[in-house]
Each structure stands twice: as structure tokens, then as C-alpha cells.
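Visitor: pasted the sequence and its predicted model underneath.
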Amino acid sequence: METVDQWWKHAPEAVTETEKVKILWDFSIRTDNYIQANKPDIVVVDKHEKTCLIIDVACPLDANIQEKETEKSVKYQDLRRELEQIWKMKTRVVPVVVGALGAVTKKHQGHVRSIVEEISTDDLQKATLLGTARLLREVLHT
């Protein structure tokens with residue numbers, strides 16, 4: 001049984017759906033036109049509000065956070081436009097970028113808050129740092 005303390009072991013389903021929301025995780029989205037970037041990390045569809053969030057996550061080197069945030073925003077614009085036409089929903093691209101050592105851009109807080117108010121930048125930074133530490137341990141022990 002999964003516990004809250006072991007959130008890192010959670011393996012989400014590709015599609016999770018309730019009456020109010022549908023969440024697509026690492027799911028290729030079919031569109032009328034060919035879109036090269038059609039598999040964002042997370043897509044959240046709010047059925048009642050008729051909104052859609054295309055969320056893409058990255059953990060680059062701290063020096064590259066601004067470039068990566070811009071790249072993620074631009075990468076999914078074609079998909080955003082296509083989904084607005086097909087699904088008839090207001091759609092936004094939300095890049096969530098935290099540097100490998102925890103750095104974030106000035107826009108980061110606004111991006112994260114646009115998903116849900118309760119997400120803590122501190123928690124995202126902690127998770128990123130723990131992941132970086134795990135990777136370093138794996139590399140150094142081989």
C-alpha cells in the first residue's frame with residue numbers, strides 16, 4: 001500500500017478521470033493536424049470550467065532554467081492552439097522548471113500557482129534536490 005511518505009514510488013495511470021476532471025499523464029494526444037510535440041508530461045482538463053492545462057516539467061542545470069522554461073512554453077503552442085479548436089476549451093501551457101540544485105525563475109511561482117494554489121515551491125525544490133542526490137549516489141557508486 002502506498003503512503004504519502006513514499007510519493008516518489010507512485011506510478012500514475014495514463015488516464016485518470018472523474019466527473020470534474022481528466023488527467024492525462026505522458027499521453028500522446030491525437031489531433032486533426034500533425035503536431036510534433038503532442039506528448040506533454042501532464043494534461044489537466046477541467047470539465048466544468050472548460051479549461052485545459054498543458055504541463056511540462058524539467059530539471060535542467062541551474063544555469064539553464066530560463067532557457068528551458070522558454071523552450072517548454074514555446075514547444076507546446078501548436079498543441080495548445082489545436083486543443084483549443086478541437087476541444088473548444090481555453091488552454092494554457094504551464095512550464096514547471098526547477099534547476100537540479102533548486103534554482104527557479106522569477107516566473108516560476110506564477111506558473112505553479114496557475115495549476116493550484118497549494119503547490120509549494122519549497123516542496124518542488126526539495127523533491128528536485130533529493131532526485132539530484134539520488135542520481136549522484138548512483139553515478140558515484142558505479
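Guide: Ah, there it is.
Visitor: all strands for this protein, in order.
Guide: Taking DSSP state E as the criterion, the chain contains strands spanning 15-17, 21-25, 42-46, 51-58, 90-97.
Visitor: correct me, but residue 35 touches residue 82?
Guide: Yes: with contacts defined as Cβ atoms under 8 Å, residue 35 counts as touching residue 82 at a distance of 5.7 Å. (C-beta placed from N, C-alpha, C; glycine too.)
Visitor: how about JSON lines for the strands of the chain, with mean pLDDT and distance to residue 9 added?
Guide: Formatted as JSON lines, these follow (pLDDT from 0 to 100; distance: least, Cβ to Cβ, whole Å):
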{"stretch": "strand 15-17", "mean pLDDT": "91", "distance to residue 9": "17"}
{"stretch": "strand 21-25", "mean pLDDT": "95", "distance to residue 9": "15"}
{"stretch": "strand 42-46", "mean pLDDT": "96", "distance to residue 9": "18"}
{"stretch": "strand 51-58", "mean pLDDT": "95", "distance to residue 9": "18"}
{"stretch": "strand 90-97", "mean pLDDT": "96", "distance to residue 9": "20"}
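Visitor: between those, which gets nearest to residue 140?
Guide: Judged by Cβ to Cβ, the one of the strands of the chain that comes nearest to residue 140 is strand 51-58, at 23.5 Å.
Visitor: so what are the sheet partners of that closest one and their directions?
Guide: When pairing is defined by DSSP bridges, strand 51-58 lines up against strand 42-46 (antiparallel), strand 90-97 (parallel).
Visitor: what's next to the last one, contact-wise?
Guide: Residues outside strand 90-97 that contact it (Cβ atoms under 8 Å, 6 or more residues apart in numbering) are 50-60, 65, 68-69, 72-73, 75-77, 80, 83-84, 104-105, 108, 111-112, 114-115, 124.
Visitor: tell me the angle the helix ranked longest in the chain makes with strand 90-97.
Guide: Here the longest helix in the chain is taken by residue count, with DSSP state H as the criterion, and it is helix 121-140. When axes from the mean of the first three to the mean of the last three Cα atoms, to 10 degrees is applied, the directions of helix 121-140 and strand 90-97 differ by 50 degrees.
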